[in-house]
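**Q** Need a 3D model of the following:
(2 chains)
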Amino acid sequence: MKVTVSASIILEDYLPTTDTDGHNENDERIITLDVPADSGALDVMKAAGIPEDITPLISLNGTIIPLGRQSEQVINEGDHLHFMPSLKGG
Amino acid sequence: MGWQKRILRVDLTAGTCTPEPLNMEWAQAYLGERGLAAKYLKESMDPKADPLSPENVLIFATGPLTGTMASTSGRYAVVTKGPLTGAIACSNSGGKFGAELKFAGYDLLIIHGRAERPVYLHIVDDKVEIVDAEPLWGKSVWETERWLRDQHRDPQIKVASIGVAGERLVRYACVINDLHRAAGRSGVGAVMGSKNLKAVAARGTKGVRVDDPRRFMEAVSQTKAVLWDTGHRRGLEKYGTLPMIDNQHEFGGLPTRNSLDVQFDGTSKINARAMRAVGEDGHRNLVTNKACFGCTIACGRIAKINPNHYTVVNRKEYQIASGGLEYETAFAFGAELGIDDIDALTFANFIMNEQGMDPISFGGTLAAAMELYEMGVITDADTDGVPLRFGNAQALTIMAEKTGKYEGFGQVLAMGSKLMAEKYGHPEVSITIKGQEIPGYDGRALQGMGLGYATSPRGACHLKHDLFHEDMNSGEITGKGKAERCKVTQDEVAAVDSTGLCLFTTGAWKMDAFARQLDAACEGGWTTKKLEEVGERIFNLERTFNLAAGLTRADDTLPKRFLETPAPSGTAKGKVSELPMMLPAYYKERGWTEEGIPTNETLDRLRL
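**A** Model prediction:
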């Protein structure tokens, strides 16, 4: 199934270059990934090349997936996932 | 060693400068910087004293690792009773001044009294002078630093000073060092101004000795390697702290339009991507990054305003590369005011550095004024004809200059939002805790952050605890389980704040990394356990100072907006803060009574 993926500027360099590379209105890269039908959010993260040690927040279609539920979060065709690093400070 | 084992006590009323030995018993109990300064402060003054009176004491404090080879060893703190809060104030800064003060041979610089006329302090190792500062009074921080280097013909002098804001007692005036590093919060610059002390100019040549140099360098190499190889460090180096604004917008924790909202549509125009973008005219806001003394993170931003922007046309003095936007400034001038003009934000940030003001509190105060204006409580007649509407970039840049120079409506903004909102009969528009404006995290979306705000010794602050991960990744918006972690991380932060190293290392280091470096540098057998005990002792000491100053449980609260008005959107949509549930659990974790007072058992256990 095909899903679209974007990431925080910190994580964007990890995203693979694909034939479908594009940008949204905020100039964030949007890529389309073809992942197995039973993939979950963490499978998409792995396919997107995001390192596990960064402990990202994942938003699915604009809603944050709680960390404890990332592993069981079902993904559907056409979903959009946005990855953000866990940050602190300011 | 680590410590220089010497402090410098200056009495501005008497005009004396007296070195004295560091109390090593206190150094073992309170470590350095934040903790040791809190101990000296409590022993040196009546906590009930007016913060802007000569009876208040102002302390510049380094840590035992300040000025060493450890990564991020440029930190020092300014500790005093804060005029914005009436509570103990501890404002931490980087740059190079802290290390220079340590190189001159002092762990702490303790300032008493008030000079009759404006003065500055000139320290060159053992030679210390109180010098007439009449030529500097009325000058900006930038002019002051330049003048002092020229006057003393020493480009290596490091300066901590106040601008006009500090001289005129703006309640959130900063102490600025190295042009754009700030001991920023709680009005420590106003205390310096109240003492007629314009600047401290330091030059040191003594270096810092450590107990076991070989073991220290091994510990430093190991911890530097761990820090270097993390995504946390790489992200800060390349993008600074600004990516947080996208996270908070997405999460729904970004205080927007005086916390009436929690998400800001203009984020993409003021974020890290916007800062790096090259415009059609070839201009880019970001010039480069910059490190403080000894730092291997280098999160600082150096920025330049587009020369065609209205703020700098025909004003060459601002067509320079200087301190750029960090997350808190971008939130406070951007989302909180509804402004998405990155050059206007950068200009206002330059003014904060030039005149020495805390951008969080200035932004929060202007946001409250904008809400009052939108409500019709204040009008153009009050605001010098400037429409203080949310989204008006010129309102930001004009009021930043007026407040920095203490002119017109800037004199009202100089009061801080709490006093200003009370003046106009609408205390509810002041989004403050203990009188201090909130940083860039909404207390409804980040419940643990809200508890941290309510119980921080210096009022609303995001840097006195560490619950970012628990709040944003835990799975649900809840106050459950936050009390214990709030207590634990407050104690850890108090310990780290007392080392002389930067809190940003905690993205890579656990407490054992600090203990290992300390133990090699300092006598006393520094273990993780000892460090945690010291952190808890410091936090409770600060609590006892505040209680003695007259603060009570009633001050451990949040703005009504967080307690009664549900978050309008985002992950926490419909939620209010669960502080009423968290606070009793937190007091219990602390070993405090239901009134928030440390029990005798707790005080005995901590040897307080």
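**Q** got any ranges where the chain has weak pLDDT?
**A** In the absence of a named chain, chain A is used. Along chain A, segments meeting pLDDT under 70 span A:89-90.
**Q** Actually, chain B is the one I wanted.
**A** Within chain B, the stretches with pLDDT under 70 are B:475.
**Q** okay, now the domains of it?
**A** Domain segmentation of chain B under automatic domain parsing yields B:6-203, B:256-430, B:443-605.
**Q** what distance separates the last one from the centre of its chain?
**A** Put plainly, it is domain B:443-605. Chain-centre distance of domain B:443-605: 16 Å, with C-alpha atoms, centre = their mean, to the nearest Å.
**Q** now the second one
**A** Relative to its parent chain, domain B:256-430 has a centroid offset of 17 Å by C-alpha atoms, centre = their mean.
**Q** Could you do the longest one as well?
**A** A distance of 14 Å separates the C-alpha centroid of domain B:6-203 from that of its chain, computed with C-alpha atoms, centre = their mean.
**Q** is that domain up against chain A anywhere?
**A** No - interface with chain A: domain B:6-203 contributes nothing (C-beta under 8 Å from any C-beta of the partner chain), its closest point being 11.8 Å away. (C-beta placed from N, C-alpha, C; glycine too.)
**Q** which parts of the longest helix along chain B are buried?
**A** Of all segments of type helix in chain B, defined using DSSP state H, the longest is helix B:528-549. By 16 or more other C-beta atoms under 10 Å in any protein chain shown, the buried positions in helix B:528-549 come out as B:528, B:530-547, B:549.
**Q** Setting the sequence-adjacent residues aside, check what's closest to residue B:563.
**A** The spatial neighbour of residue B:563 that comes closest, neighbours along the chain excluded (C-beta to C-beta, 6 or more residues apart in numbering or on different chains), is residue B:577 at 5.4 Å.
**Q** contacting residues around stretch A:3-15?
**A** Contact with stretch A:3-15 is made by A:24, A:28-33, A:35, A:39, A:44, A:48-51, A:54, A:56, A:75, A:77-85, B:231, B:235, B:238-239, B:243, B:246-247, B:271-273, B:276, as judged by C-beta atoms under 8 Å, 6 or more residues apart in numbering or on different chains.
**Q** any idea how far residue B:244 is from whichever residue of the stretch 301-450 of chain B sits closest to chain A?
**A** Relative to chain A, the nearest point of the stretch 301-450 of chain B is residue B:327 (4.0 Å; C-beta to the nearest C-beta). Counting by C-beta to C-beta, to the nearest Å, the separation of residue B:327 from residue B:244 is 4 Å.
**Q** Neighbour count for the two, which is higher?
**A** Each of residue B:327 and residue B:244 has its neighbours counted (other C-beta atoms under 10 Å in any protein chain shown); residue B:244 has more, 30 against 25.
**Q** For chain A, list the residues in contact with chain B, please.
**A** Contact residues, chain A versus chain B (C-beta under 8 Å from any C-beta): A:8-10, A:25-28, A:51, A:53-55, A:57, A:59, A:62-64, A:66-69, A:82, A:84-90.
**Q** let's see it at 7 Å
**A** Contact residues (C-beta under 7 Å from any C-beta of the partner chain) of chain A with chain B: A:8-10, A:26-27, A:51, A:53-55, A:57, A:59, A:64, A:66-69, A:82, A:84-90.
**Q** quick one: which of those residues sit in strands?
**A** A:57, A:59, A:64, A:82, A:84 (DSSP state E).
**Q** and residue 28, what does it touch?
**A** In the absence of a named chain, this looks at chain A. Applying C-beta atoms under 7 Å, 6 or more residues apart in numbering or on different chains, one finds that residue A:28 lies in contact with residue A:6.
**Q** Correction: the question concerned chain B.
**A** residue B:524.
**Q** Next, it: secondary structure please.
**A** For residue B:28, the assignment made with DSSP: H, G, I helix; E, B strand; the rest coil gives helix.
**Q** can you tell me how far it sits from chain A?
**A** Applying C-beta to the nearest C-beta, to the nearest Å, the value for residue B:28 to chain A is 29 Å.
**Q** try residue B:192
**A** As for residue B:192, its distance to chain A is 25 Å (criterion: C-beta to the nearest C-beta).
**Q** I figured that residue hits residue B:165, correct?
**A** No - Residue B:192 lies out of contact with residue B:165 (C-beta atoms under 7 Å); the separation is 10.7 Å.
**Q** More neighbours: the two, which one.
**A** Using other C-beta under 10 Å as the criterion, residue B:192 and residue B:165 rank with residue B:165 on top: 33 against 28.
**Q** Is residue B:402 part of a helix or strand, or is it coil?
**A** With three-state DSSP as the basis, residue B:402 sits in helix.
**Q** so who does the residue of chain B positioned farthest from its centre touch?
**A** Within chain B, the residue lying farthest from the chain centre (C-alpha atoms, centre = their mean) is residue B:280, at 36.2 Å. Under the criterion of C-beta under 7 Å, 6+ apart, residue B:280 has no neighbours.
**Q** To which secondary structure element is it assigned?
**A** For residue B:280, there is no enclosing helix or strand under DSSP states H and E.
**Q** backbone phi and psi for it, please?
**A** For residue B:280, the backbone dihedrals (degrees, to the nearest 10) come out as phi -60, psi -30.
**Q** With adjacent residues omitted, what lies nearest to residue 1?
**A** No chain was given, so I picked chain A. Using C-beta to C-beta, 6+ apart and skipping the chain neighbours, the partner closest in space to residue A:1 is residue A:77 (4.2 Å).
**Q** To clarify, I was referring to chain B.
**A** Nearest residue to residue B:1 in three dimensions, chain neighbours excluded: residue B:209, at 4.2 Å (C-beta to C-beta, 6+ apart).
**Q** Is there a neighbour count for that neighbour? I'd like the number.
**A** Using other C-beta under 10 Å: residue B:209 sits among 13 other residues.
**Q** that's a strand at it, yeah?
**A** No - according to three-state DSSP, residue B:209 belongs to no strand; its state is coil.
**Q** Isn't it up against residue B:5?
**A** No - applying C-beta under 7 Å as the test, residue B:209 and residue B:5 come out as separate, 9.9 Å apart.
**Q** The closest residue to residue A:18 other than its chain neighbours bridge partners, please.
**A** In space, and not counting its chain neighbours, residue A:18 is closest to residue A:31: 4.8 Å by C-beta to C-beta, 6+ apart. Beta bridges link residue A:31 to residue A:5, judged by DSSP bridges.
**Q** pretty sure residue A:31 contacts residue A:21?
**A** Yes - in this structure residue A:31 lies within contact range of residue A:21 using C-beta under 7 Å: 5.7 Å.
**Q** Compare those two and say which is more crowded by neighbours.
**A** A count of neighbours by other C-beta under 10 Å puts residue A:31 above the other of residue A:31 and residue A:21, at 19 against 12.
**Q** what residues are up against the more buried one?
**A** So residue A:31 contacts A:4-5, A:15-16, A:18, A:20-21 (C-beta under 7 Å, 6+ apart).
**Q** can you rerun that using 6 Å?
**A** Taking C-beta atoms under 6 Å, 6 or more residues apart in numbering or on different chains, we find residue A:31 in contact with A:5, A:15, A:18, A:21.
**Q** Out of those residues, who's the most crowded?
**A** When neighbours are counted by other C-beta under 10 Å, residue A:5 leads these with 25 neighbours.
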